[in-house]
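Student: this one's structure only:
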């Protein structure tokens, strides 16, 4: 059997829309999902940031039953909605449960459930705490929900590596398929952590943008005046399977997952290594496992969070890796539109990367008024940019607190 891994289904729940196609179309239009929050957190707790890129409550109401929603943390709700879409998009493959796996990523887990349970305990006492509190708050809750939905018995695993989590989950899914331990893997990631405590903590470390007067333009990767990221939430899902298995059942194929790379900076708990050496290692591994050369990379969905110190090392790493071919790679920073989904970011960005390769179109990076002179990249600014015809490849990068680096290589089919 061939060891080629292909993408046959996509799903997404993002600040730009519900569904992979809706998210893709909104991204091409340069839509911003950031907005001022309607709660009183900023005033009540003195939080200097009163905006984010949230998912509208109607999304859950329209896609889950009341019983399902009650038994799931928002993190798991988004995961289940996105996974169901991807599964249907893949044609609901008939696969033995023992040959079906789930590989999921999240950075924080069921934070809403944990904090709500603590409030209930303090205000109403122990007997009022929900019996399902622990299963709902566990970081593996989303993976478990998806696994039970589709009776996955080969494995249901959770990767927790901060903002690199769901890119790692795709990489581990790739390995599981290549090793012959599964025929189909539902891979992805989710996050739902727009909360007073996280907004306060990220604000205290000066990681969030404070452009309260203009949330839509606050996330501005590569801009000389960038001042931090915008928190987002949601989920992304890819159905991956071996090419032979996909072709045997007549499935449509979006793209190939060529390979992946992983490394760690071992430098600082929050800051990336200034020269991007760990990033280079992960990107190089992705190229090598995919059998690619620097000249093959024509698109990169960059991690590019819009923090003052974070964007430069990645740009240095891209230039160091691709050398004279760096200018041929069209770079998109889609967090400019949907904010930073933390542990779910990599999965959503992988969905966009697959669609970019399939459609030969790089999504735009919005909100750049003046590119930081330290950043020497070919950036898709303001409008979508056409990618070359023929065989092309792309990278999607994710880096996280703790020094985690994960990169997935996507190839056209």
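Tutor: Thanks, I have the structure now. Values in this document were obtained by computation on a predicted structure and should not be read as measured data.

Student: separation between residue 132 and residue 60?
Tutor: According to CB to CB, to the nearest Å, residue 132 stands 17 Å off from residue 60. Just so you know, the C-beta spots here come from the backbone N, C-alpha and C atoms, and that holds for glycine as well.

Student: Quick one: end-to-end distance for stretch 132-147.
Tutor: In stretch 132-147, first residue to last residue: 18 Å (CA to CA, to the nearest Å).

Student: Can you give the distance from it to the centre of its chain?
Tutor: Averaged C-alpha coordinates place stretch 132-147 at 19 Å from its chain's average position (CA atoms, centre = their mean, to the nearest Å).

Student: got the contact list for it?
Tutor: 71-73, 75-76, 78-80, 83, 102-104, 106, 108-111, 113-114, 117, 130, 152, 156-158, 160, 186, 188, 190, 235, 237 (CB atoms under 8 Å, 6 or more residues apart in numbering).

Student: buried set for that stretch?
Tutor: Within stretch 132-147, the residues scored as buried using 16 or more other CB atoms under 10 Å are 133, 135-147.

Student: Also stretch 34-48?
Tutor: Buried residues in stretch 34-48, counted by 16+ other CB under 10 Å: 34, 37, 41-42, 47.

Student: give me every residue that touches residue 362.
Tutor: Neighbouring residues of residue 362 by CB under 8 Å, 6+ apart: 299, 330-332, 356, 380, 384-387.

Student: switch the cut-off to 10 Å
Tutor: Shown in contact with residue 362 (CB atoms under 10 Å, 6 or more residues apart in numbering): 28, 298-301, 329-332, 334, 352-353, 356, 378-380, 383-387, 394.

Student: Show the residue spans covered by the strands in the stretch 251-400 of the chain.
Tutor: 255-264, 297-301, 330-332, 361-362, 378-379, 385-386, 393-400 (DSSP state E, counting those that start in this stretch).

Student: Specify the stretch among the ones you listed that is closest to residue 217.
Tutor: Evaluated over the strands of the stretch 251-400 of the chain, closeness to residue 217 peaks at strand 378-379, with 16.4 Å, by CB to CB.

Student: Which residues does that closest one contact?
Tutor: Strand 378-379 has contacts (CB under 10 Å, 6+ apart) with 221-222, 300, 302, 304, 315, 318, 326-333, 362, 364-365, 368, 371, 385.

Student: Can you list the buried residues in stretch 327-336?
Tutor: 329-336.

Student: first vs last residue of it, how far apart are they?
Tutor: 21 Å.

Student: which residues of the stretch 1-150 of the chain fall in strands?
Tutor: Under DSSP E, counting those that start in this stretch, the stretch 1-150 of the chain gives strands at 5-14, 17-18, 35-36, 51-52, 100-105.

Student: Of those strands, give the one that comes closest to residue 410.
Tutor: strand 5-14 (8.0 Å).

Student: partner strands of that closest one, parallel or antiparallel?
Tutor: strand 17-18 (antiparallel), strand 234-242 (antiparallel), strand 255-264 (antiparallel) (DSSP bridges).
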